[in-house]
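Novice: below: sequence and its predicted model.
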Amino acid sequence: MNVFATPVAPELARPRWRDELPTQYAELGQRLEPLLPCLEWPLHLPWIDAINRLKVERGATIMAHSYQSPEIFHGVADLTGDSLALAQAASRCESNLIVLCGVHFMAESAKILAPEKTVLIPDPEAGCSLASSITADDVRALRARHPGVPVVSYVNTSAAVKAQSDACCTSANAVDVVEAMGADRVIFLPDRFLGQHVARQTRVELILWHGQCEVHEKFTAAQARHARERFDARLVAHPECPPEVLAEADFVGSTSAMAGWLEREQPPRVALITECSMADNLRARFPATQFIKPCNLCPHMQKITLQNIHAALLHGRHAVEVPADVAAGARRALQRMLAVGRRPGA
Ligand code: 13P
Ligand code: SF4
């Protein structure tokens, strides 16, 4: 017997769990229903409920990056966005306690920008292949090789690397930060693909490092073309992808810029060439758009779970600390980035 052809009894077809939701979660249930298998959602609800209660008791703000899974992004986060949005939010956050659901460099930036606050990361092992591709000694060696050339580092770096840099940037403002240096040449690190993308948009000569994102480097131009030809989809890519992938895209931008583009264009079908939780999170906001979802998950982002967010709030762990001398240099570089800000639509 073909079990997939078996008709489902009407009483089973209707997800009963929806009817049993406490009223305050009815709207959330509706939003999550198309994003998560319906067997999964009831398992998340007790955790979401416990976290939301504890968050109020502790006076905490939960910030989540666009790549966090839907139950975190939609279920418990007070603030969501790209790495620039999270840094901006941390610098003006009023709560004394921030739980950063993202990778370590994001939590470290939040602590540097809000030194008097407690910043918790639910799993301190949530790293980033770009951040681990370069050390502060590497930056000192680059400076010695190129005396007088300013250094712009992507926020996907350690505090120690930021402290050796003149300014930080994110994918949302990299071109503007590079040009704000007022120099003919700039050392841009560590992402060579983002660097090549920036170099195509400015006259400033960039000296690049060889870092790559282990998630975005895997995409190929053939996959991008397949998504367009097979599904008639528009293509939106993150600038950490290889140049031949970006050349296929209708739009290239940070994770927040992708959402802005969807808002403006409202395409019937889109393939997001980036970490795949992004499509899950945006599907709730753009129900009329069909998302062709890649399956590249960031293993570091996925280390953050409802369970370890709950433990973070319950036990006050894991507090991010940055030595004062390192923090001072890194803060200068981050504040220079914040002063440049974000262009509309970026
Ligand atoms: P955004 O700054 O676009 O959020 O990207 C951060 C990141 O780590 C992408 O891989
Ligand atoms: Fe780092 Fe890539 Fe993961 Fe972003 S997706 S956190 S750049 S490893």
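Specialist: Thanks, I have it. Ligands and ions are numbered 1, 2, ... in the order given.

Novice: near ligand 1, which residues of the stretch 151-300 of the chain?
Specialist: Proximity of the stretch 151-300 of the chain to ligand 1 (Cβ under 6 Å from any ligand atom) is limited to residues Asn156, Thr170, Ser171, Cys213, His238, Glu240, Ser254, Thr255. The C-beta positions use only the backbone N, C-alpha and C, and glycine is treated the same way.

Novice: which one is Tyr154 nearest to, not counting chain neighbours?
Specialist: Closest residue to Tyr154 apart from its sequence neighbours, by Cβ to Cβ, 6 or more residues apart in numbering: Asp191 at 5.4 Å.

Novice: oh sorry, the question was meant for Lys293
Specialist: Closest residue to Lys293 apart from its sequence neighbours, by Cβ to Cβ, 6+ apart: Ala279 at 4.3 Å.

Novice: surely Glu179 is in a strand?
Specialist: No: Glu179: not assigned to a strand; according to DSSP: H, G, I helix; E, B strand; the rest coil it is helix.

Novice: distance of it from ligand 2?
Specialist: Look at Glu179 and ligand 2: by Cβ to the nearest ligand atom, to the nearest Å, they are 23 Å apart.

Novice: confidence score at that residue?
Specialist: Reading off the confidence values, Glu179 has pLDDT 98.

Novice: just the CA trace of the strand or helix carrying the residue nearest to Lys293, in PDB.
Specialist: Counting by DSSP states H and E, the element that carries Ala279 is helix 277-283. Provided in PDB are the C-alpha atoms of helix 277-283 (Å, rounded to 0.1, in the frame of the first residue of the first chain):
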ATOM      1  CA  SER A 277      17.000  29.800   8.100                       C
ATOM      2  CA  MET A 278      16.700  33.300   6.500                       C
ATOM      3  CA  ALA A 279      14.100  32.000   4.000                       C
ATOM      4  CA  ASP A 280      12.100  30.400   6.900                       C
ATOM      5  CA  ASN A 281      12.100  33.600   8.800                       C
ATOM      6  CA  LEU A 282      11.100  35.800   5.900                       C
ATOM      7  CA  ARG A 283       8.300  33.400   4.700                       C
END
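
Novice: surely the residue nearest to Tyr154 is in contact with His210?
Specialist: No: under the criterion of Cβ atoms under 8 Å, Asp191 makes no contact with His210, lying 9.4 Å away.

Novice: more neighbours: these two, which one.
Specialist: Each of Asp191 and His210 has its neighbours counted (other Cβ atoms under 10 Å); Asp191 has more, 30 against 11.

Novice: what about the closest residue to ligand 1 within the stretch 201-346 of the chain, neighbour count?
Specialist: As assessed by Cβ to the nearest ligand atom, ligand 1 sits closest to Ser254 within the stretch 201-346 of the chain, at 3.3 Å. Summarising burial for Ser254: neighbours were counted as other Cβ under 10 Å, giving 25.

Novice: next up, phi/psi of it, please.
Specialist: phi -60, psi 170 (degrees, to the nearest 10).

Novice: try Ala60
Specialist: Torsion angles, degrees, to the nearest 10, at Ala60: phi -90, psi 150.

Novice: what pLDDT does it get?
Specialist: We have a pLDDT of 98 for Ala60.

Novice: does it touch Val99 like I think?
Specialist: Yes: if you go by Cβ under 8 Å, Ala60 and Val99 touch, sitting 5.5 Å apart.

Novice: common neighbours of these two, please.
Specialist: Leu313 (Cβ atoms under 8 Å, 6 or more residues apart in numbering).

Novice: looking at the two, which is more packed in?
Specialist: Set side by side, Ala60 and Val99 show more neighbours around Val99, with 28 against 22, by other Cβ under 10 Å.

Novice: which residues touch that one?
Specialist: Val99 touches Lys55, Ala60, Thr61, Ile62, Met63, Leu120, Ile121, Pro122, Ile309, Ala312, Leu313, counting by Cβ under 8 Å, 6+ apart.

Novice: so what's the residue count around the third one?
Specialist: Neighbours of Thr61 under the rule other Cβ under 10 Å: 20.

Novice: bridging residues for it?
Specialist: Ile98 (DSSP bridges).

Novice: how about stretch 68-84 against ligand 1, any contact?
Specialist: Yes: with Cβ under 6 Å from any ligand atom as the measure, stretch 68-84 is seen reaching ligand 1 through Asp82, Ser83.

Novice: distance from the chain centre to that stretch, please.
Specialist: 9 Å (Cα atoms, centre = their mean, to the nearest Å).

Novice: what about it, start to end distance?
Specialist: Terminal residues of stretch 68-84 are spaced 15 Å apart (Cα to Cα, to the nearest Å).

Novice: close to ligand 2, is that stretch?
Specialist: No: using Cβ under 6 Å from any ligand atom, stretch 68-84 stays clear of ligand 2, coming no nearer than 8.4 Å.

Novice: what's in contact with stretch 30-49?
Specialist: If you take Cβ under 8 Å, 6+ apart as the criterion, stretch 30-49 is touched by 15, 17-18, 21-22, 25, 28-29, 70-71, 74-76, 280-281, 283-284, 287, 306-307, 310.

Novice: please apply the same query to stretch 219-230.
Specialist: So stretch 219-230 is contacted by 233-235, 237, 241-242, 244-245, 247-249, 271, 273, 292, 294, 296 (Cβ under 8 Å, 6+ apart).
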